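Q: just need the structure, nothing else, for what follows:
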Amino acid sequence: MNENFWELLMKLEQLLIPYCRILNILQTDKARLYEVLHGFAYLYQFWKKYEDNNMANRILARLQQRWKLWEQPLLILSWLLHPSYKTNYFTSPIISQISYLHMGK
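A: Here you go, the predicted model:
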């Protein structure tokens, strides 16, 4: 019957909601590789806006460590090859000639 317990439990629930949303998307049969990139971006934005800067900075550092472990060129390539993004963001002649070497930079 401790009021602090229930407040902390509600706070924990609010922290877990973004992770549950991402997991629900990634566990479907129709999940695509670019959605992993979206998940990273969603979590990064969530923690950038979080009010406890100390905790948010630690989580962001861990997210960046995880990002470094992933095959970044493959994730970025999945985003570049997405038909909707390609037509909306990559229509200039210079950008359409992006190669693997450019992605590394």
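Q: what's the nearest residue to the residue minimising distance to the centre of the chain if we skip its chain neighbours?
A: Closest to where the C-alpha atoms of the chain average out (C-alpha atoms, centre = their mean) is residue 40, at 1.3 Å. Closest residue to residue 40 apart from its sequence neighbours, by C-beta to C-beta, 6 or more residues apart in numbering: residue 67 at 6.2 Å. Placement of C-beta: from N, CA and C, glycine included.
Q: what does the helix or strand hosting the one you found rub up against?
A: Taking DSSP states H and E as the criterion, residue 67 maps to helix 53-69. Helix 53-69 is contacted by residues 40, 43-44, 47-48, 50 when judged by C-beta atoms under 8 Å, 6 or more residues apart in numbering.
Q: buried residues, it. List them.
A: 59-60 (16 or more other C-beta atoms under 10 Å).
Q: before we move on, what about stretch 30-49?
A: Under the neighbour-count criterion of 16+ other C-beta under 10 Å, stretch 30-49 has 34-37, 39-40, 42-43, 46-47 buried.
Q: SS state for the residue nearest to the centre of the chain?
A: What DSSP: H, G, I helix; E, B strand; the rest coil gives for residue 40 is helix.
Q: show me what contacts it?
A: Residue 40 is in contact with 63, 66-67, counting by C-beta under 8 Å, 6+ apart.
Q: ok, residue 85 next?
A: By C-beta under 8 Å, 6+ apart, residue 85 lies in contact with 34, 79.
Q: tell me which helix or strand it sits in.
A: Going by DSSP H and E, residue 85 is part of helix 83-89.
Q: state the distance from residue 23 to residue 33.
A: According to C-beta to C-beta, to the nearest Å, residue 23 stands 16 Å off from residue 33.
Q: tell me the contacts of residue 26?
A: Residues in contact with residue 26 (C-beta under 8 Å, 6+ apart) are 35-36, 39.
Q: now distance to residue 6 and pLDDT too, for those, in JSON lines please.
A: As requested, the contacts of residue 26 are exported to JSON lines (distance: C-beta to C-beta, whole Å; pLDDT from 0 to 100):
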{"residue": "35", "distance to residue 6": "34", "pLDDT": "88"}
{"residue": "36", "distance to residue 6": "34", "pLDDT": "86"}
{"residue": "39", "distance to residue 6": "29", "pLDDT": "89"}
